[in-house]
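**Q** Sequence below, structure please.
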Amino acid sequence: MREKGVMAMIYNGCEAAVKIAMLNGLWILFTVCGGIVLGWAPSTAAMFTVVRKWLFGYTDLPLFKTFYQTYKKEFAKANGIGLILAAAGYILFVNYQFFHIREDLFSIMISYTTLLVGLAYAMVLIYIFPLYVHFELPFSRYFSQAVLIGLLRPLTTAGMAAAGGLVVCVLITVPGLIPFYGVSLFALVFMFITHRCFMRLEA
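**A** Numbering: from 1, shown residues only. Got it, this is the predicted structure:
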């Protein structure tokens with residue numbers, strides 16, 4: 001019985017590893033199909049949708065079909081989020097690069113303000129796609145709710161940051177994993193943590 005249990009665990013672990021790698025491959029494929037700029041956001045939404053379904057116990061869902069249907073359905077709305085995130089990140093980066101090299105008081109204040117806004121931006125980055133696939137909200141509220149939850153749930157936010165940092169360390173240590181798990185691992189970790197948080201909020 002013990003041997004069967006161990007073999008079952010090994011089999012289930014290998015099956016899960018293959019599915020996570022396939023999900024990462026689908027993310028890369030559909031990101032490229034969307035020309036990267038218009039592909040990464042709907043691919044990310046589709047990936048988080050799949051992971052969320054896994055967490056609800058739908059582990060045998062048709063992976064390609066679910067991913068593709070979500071990609072098509074959410075293409076326009078997810079790209080709205082993606083383009084806003086890209087534009088905001090670019091503005092923050094350029095703004096900080098311009099002001100932090102200057103030594104006058106105004107530039108220093110702008111630099112620190114940009115860093116504070118950058119923290120809010122980081123909260124949006126880690127929460128917005130889990131929020132997007134879990135809740136039906138007006139478009140603009142995804143951004144405000146991401147910051148709000150990030151501030152109201154500091155332990156969850158810190159846990160996500162720490163888990164994300166651990167994933168980065170693993171991928172840097174074993175770079176051969178990046179083509180297979182470079183994005184899907186982040187989705188798995190972030191969705192797992194936020195799923196528990198959202199369940200408590202709904203309760």
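**Q** where are the low-confidence patches of the chain?
**A** Across the chain, the ranges flagged by pLDDT under 70 are 1-5, 203.
**Q** List the contacts of the residue most central in space within it.
**A** Nearest to the geometric centre of the chain sits Ala187, at 4.9 Å (CA atoms, centre = their mean). By CB atoms under 8 Å, 6 or more residues apart in numbering, the residues touching Ala187 are 23, 44, 47-48, 51, 129. C-betas here are computed from N, CA, C, even on glycine.
**Q** Pull up the gap between it and Thr113, please.
**A** 31 Å (CB to CB, to the nearest Å).
**Q** Ok, Gly159 next?
**A** Counting by CB to CB - Gly159 and Thr113 are separated by 27 Å.
**Q** Looking only at neighbour counts, state which of the two leads.
**A** Gly159 (17 against 13; other CB atoms under 10 Å).
**Q** what about the more buried one, helix or strand, and which?
**A** Following DSSP states H and E, one finds Gly159 within helix 154-173.
**Q** Flag every buried residue along that helix.
**A** Neighbour-count burial for helix 154-173 flags 156-157, 159-160, 163-164, 167, 171 (criterion: 16 or more other CB atoms under 10 Å).
**Q** Stretch 18-28 too?
**A** Using 16+ other CB under 10 Å as the test for burial, stretch 18-28 gives 19-24, 26-28.
**Q** so which of these comes closest to Asn79?
**A** Nearest to Asn79 out of the buried residues of stretch 18-28 is Trp27 (CB to CB; 15.0 Å).
**Q** Tell me which residues touch the closest one, please.
**A** Applying CB under 8 Å, 6+ apart to Trp27 gives the contacts 43-44, 46-47, 183-184.
**Q** Any chance of a markdown table for those residues, columns distance to Phe135 and neighbour count?
**A** Converted to a markdown table, the contacts of Trp27 look like this (distance: CB to CB, whole Å; neighbours: other CB atoms under 10 Å):
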| residue | distance to Phe135 | neighbour count |
| --- | --- | --- |
| Ser43 | 20 | 28 |
| Thr44 | 16 | 25 |
| Ala46 | 17 | 26 |
| Met47 | 17 | 27 |
| Val183 | 22 | 20 |
| Ser184 | 22 | 22 |
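**Q** Give me the subset of these that lies in helices.
**A** With helices taken from DSSP state H, the overlap with the contacts of Trp27 comprises 43-44, 46-47, 184.
**Q** In this protein, where's the longest helix?
**A** Longest helix in the chain, counting residues (DSSP H): helix 2-33.
**Q** How far does it sit from its chain's centre?
**A** Relative to the mean C-alpha coordinate of its chain, helix 2-33 is positioned 19 Å out (CA atoms, centre = their mean, to the nearest Å).
**Q** how about whichever strand or helix holds Leu85: buried residues?
**A** Taking DSSP H and E as the definition, Leu85 sits inside helix 75-99. Going by neighbour count (16+ other CB under 10 Å), the buried part of helix 75-99 is 75, 78-79, 81-82, 84-85, 88, 92, 95-96, 99.
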